[in-house]
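Novice: no sequence on this one, just coordinates:
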DNA sequence: TTAGAATTTAAACGAACGTTTGAACTAGAT
DNA sequence: ATCTAGTTCAAACGTTCGTTTAAATTCTAA
């Protein structure tokens, strides 16, 4: 009665909540009851509005990736129109590709850091329907940027460029997805290291901006590193590898007296 | 019956199968019945030998990470003893850290590419028990290498080094974990790009070696990239200093056409 | 106002999940 | 041969999963 809700409200509320919970727990570990409970909607609402849990995840990504893909292609269009056929600088290409993404992390209306971290974590998810979904969503954009890099670096073997594009995607995804992980590992938060304090509400925005400032030089340095010389990496060590300790334990069952 | 099996055989068979299935499907999507079915052991065997599904995952990692951590610390010990107090070269530190890991990918007895990909994918898993497990397993080693890098790059702010260590871990993890993902995205397999054909059984070994040859220069280039902000101040470059100017357009500092 | 479509609701569905149980079986020492 | 501790086994435990149903409710348009 008095508790009114606009029709489209349920859909978007589910998407917002699912985006956050998928990021926090992963796809498999996030149940329909957890999502609908946090969104304060009926359990059947997801199936009614989206059809299935898989379709929900796809829609969570689609509403952001459609915009992101457009922005990335437009940014490249602008650069290439401005260059009038001349090769672009690698830094311009990286700025268009990674800068566009990282700017999403500063805008809460575009998903903010929540979506960025969800994206980074889900890119390596082994589930088949996720893999095929991303392949379809990304194929066009990646191909455009790959060709732009080929054109920008005509003296670098194409295979090498593809490898390094791969490495750059990884550095970015992991840097976004695993920030808190590494904070635990390194024993000190990244914010502490930055030497500044910020208000909590600006935390995500500032985080995204700092990340971009740190990440772009790293990616550029990696992309333009000297090419590997064949055989410049020693494969075998001089010392023979030690056997894996079998620690011949006396058997110790866990649930038995 | 005639179907005999040594006592310790069940344990290791479960570990081998779980290692592969956790890599292929992820932790949550891999059920106990799938593991025990593939390992051809009784459903209750996992709980009997390991206690729980979580404890199984921990043991899958522990039997590899114990060896890896030892190797990484020993490699650093050797380098520091050899240097006798002098700062190490960044390339030496990266070789000790990442080379030691990538060498596991060439040795099937140490888990091979299966374990490497499982490790890369699991490092970003949001599950609490996984996060705390890795924090405990990695803390010591990361801290040693972090300090080595501080010593090797005294002119680089420590915060910057931690960020770049983070990025390097990401590039490596993602490169290992998501190889097949990017193959789909880029529309061509990395093996095709490498321009060589190998027998299927050597595939994993060759893959690991190629990955190392491509990854190490990228990581070094990223680690020694010019600093952001007031990026003109130089990072210590003791070997093959690379140009930092991006104005080169077509002419890149790569040392090979 | 009212018919009809769209949405929400409570309840239940069958399947799969991790785990536990107690008996049966195995191997080695006495 | 007997005992004992270690291991395997089939069966079942209670819970949670994603999905479906059909009635109740709300919204929209004539």
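Specialist: Alright, I've got the coordinates. What you see is a predicted model; the values in this text were computed from it and never measured.
Novice: okay, now residue A:76: neighbour count?
Specialist: 21 (other Cβ atoms under 10 Å in any protein chain shown). C-beta here means a position set from N, CA and C on the backbone, and glycine is covered the same way.
Novice: Any residue of the strand or helix carrying it touching DNA strand D?
Specialist: Following DSSP states H and E, one finds residue A:76 within helix A:53-83. Yes. Judged by Cβ under 7 Å from any atom of the strand, helix A:53-83 and DNA strand D are in contact via A:53-54.
Novice: just checking, next helix/strand downstream of that helix?
Specialist: helix A:90-94.
Novice: I'd like the average pLDDT over that following helix.
Specialist: In this model, helix A:90-94 has a mean pLDDT of 97.
Novice: what does stretch A:101-119 give?
Specialist: Here the average pLDDT along stretch A:101-119 is 93.
Novice: List the buried residues in it.
Specialist: Within stretch A:101-119, the residues scored as buried using 16 or more other Cβ atoms under 10 Å in any protein chain shown are A:101-102, A:104-106, A:110-119.
Novice: Kindly report the same for stretch A:40-51.
Specialist: Buried, per 16+ other Cβ under 10 Å, within stretch A:40-51: A:41, A:45-46, A:49-50.
Novice: Then stretch A:22-32?
Specialist: Quick answer for stretch A:22-32 (16+ other Cβ under 10 Å): A:22-23, A:25-30, A:32.
Novice: Next, give me the two most distant ones among those residues.
Specialist: Largest separation among these by Cβ to Cβ: A:23 and A:32, giving 16.6 Å.
Novice: mind checking the backbone torsions on residue A:30?
Specialist: Backbone torsions of residue A:30, given as degrees, to the nearest 10, read phi -100, psi 110.
Novice: Please work out how many residues are found near residue A:63.
Specialist: Residue A:63 has 15 neighbours, counted by other Cβ under 10 Å.
Novice: Let me see the confidence value for it.
Specialist: 96.
Novice: where's residue A:219, which helix or strand?
Specialist: Going by DSSP H and E, residue A:219 is in helix A:203-223.
Novice: from the buried residues of stretch A:40-51, which are also near DNA strand D?
Specialist: Within the buried residues of stretch A:40-51, those near DNA strand D by Cβ under 7 Å from any atom of the strand are residue A:46.
Novice: Thought residue B:165 was touching residue A:174, still the case?
Specialist: No. With contact defined as Cβ atoms under 8 Å, residue A:174 does not count as touching residue B:165 (11.5 Å).
Novice: Spell out which residues make up each domain of chain A.
Specialist: A:7-51, A:61-223 (automatic domain parsing).
Novice: which of these sits most buried?
Specialist: When the domains of chain A are scored by mean count of other Cβ atoms under 10 Å in any protein chain shown, the highest mean neighbour count falls to domain A:61-223 (a mean of 19).
Novice: helices and strands of chain A: which one has the lowest mean pLDDT?
Specialist: For chain A, counting by mean pLDDT, DSSP states H and E, helix A:190-194 ranks last in confidence among helices and strands (a mean of 46).
Novice: Quick check: which ranges of chain A have low pLDDT?
Specialist: A:1-7, A:178-206, A:230-257 (pLDDT under 70).
Novice: For residue A:23, see how far away the residue nearest in space to the middle of it is.
Specialist: Residue closest to the mean C-alpha point of chain A, counted by Cα atoms, centre = their mean, is residue A:120 at 2.0 Å. For residue A:120, the distance to residue A:23 equals 9 Å [Cβ to Cβ, to the nearest Å].
Novice: so which helix or strand takes in the spatially closest residue to residue A:214 that is not a sequence neighbour?
Specialist: Spatial nearest neighbour of residue A:214, chain neighbours left out: residue B:163 (4.6 Å); criterion: Cβ to Cβ, 6 or more residues apart in numbering or on different chains. Residue B:163 is part of helix B:158-177 when elements are defined by DSSP H and E.
Novice: what angle separates that helix from helix B:203-223?
Specialist: Orientation note: helix B:158-177 sits at an angle of 160 degrees relative to helix B:203-223 (axes from the mean of the first three to the mean of the last three Cα atoms, to 10 degrees).
Novice: Show me what helix B:158-177 packs onto, helices and strands only.
Specialist: Helix B:158-177 sits against helix A:158-177, helix A:179-186, helix A:190-194, helix A:203-223, helix B:112-122, helix B:128-152, helix B:203-223, with contacts defined as 3 or more Cβ pairs under 8 Å, 6 or more residues apart in numbering or on different chains; DSSP states H and E.
Novice: give me every residue that touches residue A:76.
Specialist: A:93, A:96-97, A:144-145, A:148 (Cβ atoms under 8 Å, 6 or more residues apart in numbering or on different chains).
Novice: Dump those residues to TSV, plus distance to residue B:158.
Specialist: Formatted as TSV, the contacts of residue A:76 follow (distance: Cβ to Cβ, whole Å):
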residue	distance to residue B:158
A:93	31
A:96	31
A:97	29
A:144	38
A:145	33
A:148	35
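Novice: What's the separation between the closest residue to residue A:43 other than its chain neighbours and residue A:76?
Specialist: Closest residue to residue A:43 apart from its sequence neighbours, by Cβ to Cβ, 6+ apart: residue A:36 at 4.9 Å. Using Cβ to Cβ, residue A:36 is found at 40 Å from residue A:76.
Novice: near chain B at all, stretch A:49-68?
Specialist: No. Legend: contact between stretch A:49-68 and chain B by Cβ under 8 Å from any Cβ of the partner chain is lacking; minimum distance shown is 12.5 Å.
Novice: Identify the residues contacting that stretch?
Specialist: Against stretch A:49-68 from outside (Cβ under 8 Å, 6+ apart): A:10-11, A:14-15, A:18-19, A:22, A:27, A:32, A:35, A:46, A:100-101, A:104, A:110-111, A:115, A:118-119, A:122, A:129-130, A:133-134, A:137.
Novice: Check those one by one and keep those near chain B.
Specialist: Okay, of the contacts of stretch A:49-68 touching chain B (Cβ under 8 Å from any Cβ), that's residue A:134.
Novice: residue of the stretch 51-200 of chain A with the smallest distance to DNA strand D?
Specialist: Here the stretch 51-200 of chain A gets closest to DNA strand D at one residue, residue A:52, 3.2 Å apart by Cβ to the nearest atom of the strand.
Novice: quick one, what contacts the residue nearest to the centre of chain A?
Specialist: Residue A:120 neighbours (Cβ under 8 Å, 6+ apart): A:172-178, B:124.
Novice: near DNA strand D, which residues of the stretch 51-200 of chain A show up?
Specialist: So far as Cβ under 7 Å from any atom of the strand goes, the stretch 51-200 of chain A lies against DNA strand D at A:52-54.
Novice: Tabulate the residues you listed (JSON lines), appending distance to residue B:219 and neighbour count.
Specialist: Formatted as JSON lines, those follow (distance: Cβ to Cβ, whole Å; neighbours: other Cβ atoms under 10 Å in any protein chain shown):
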{"residue": "A:52", "distance to residue B:219": "41", "neighbour count": "12"}
{"residue": "A:53", "distance to residue B:219": "38", "neighbour count": "17"}
{"residue": "A:54", "distance to residue B:219": "36", "neighbour count": "14"}
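Novice: Do I have it right that residue A:19 meets residue A:112?
Specialist: No. Applying Cβ under 8 Å, one finds residue A:19 not in contact with residue A:112, separated by 9.7 Å.
Novice: ok, back up a step: please tell me how far the residue nearest to residue A:43 sits from chain B.
Specialist: According to Cβ to the nearest Cβ, to the nearest Å, residue A:36 and chain B sit 19 Å apart.
Novice: Kindly report the same for residue A:14.
Specialist: Residue A:14 sits 20 Å away from chain B, going by Cβ to the nearest Cβ.
Novice: Now do the SS call for residue A:28.
Specialist: When classified by DSSP: H, G, I helix; E, B strand; the rest coil, residue A:28 comes out as coil.
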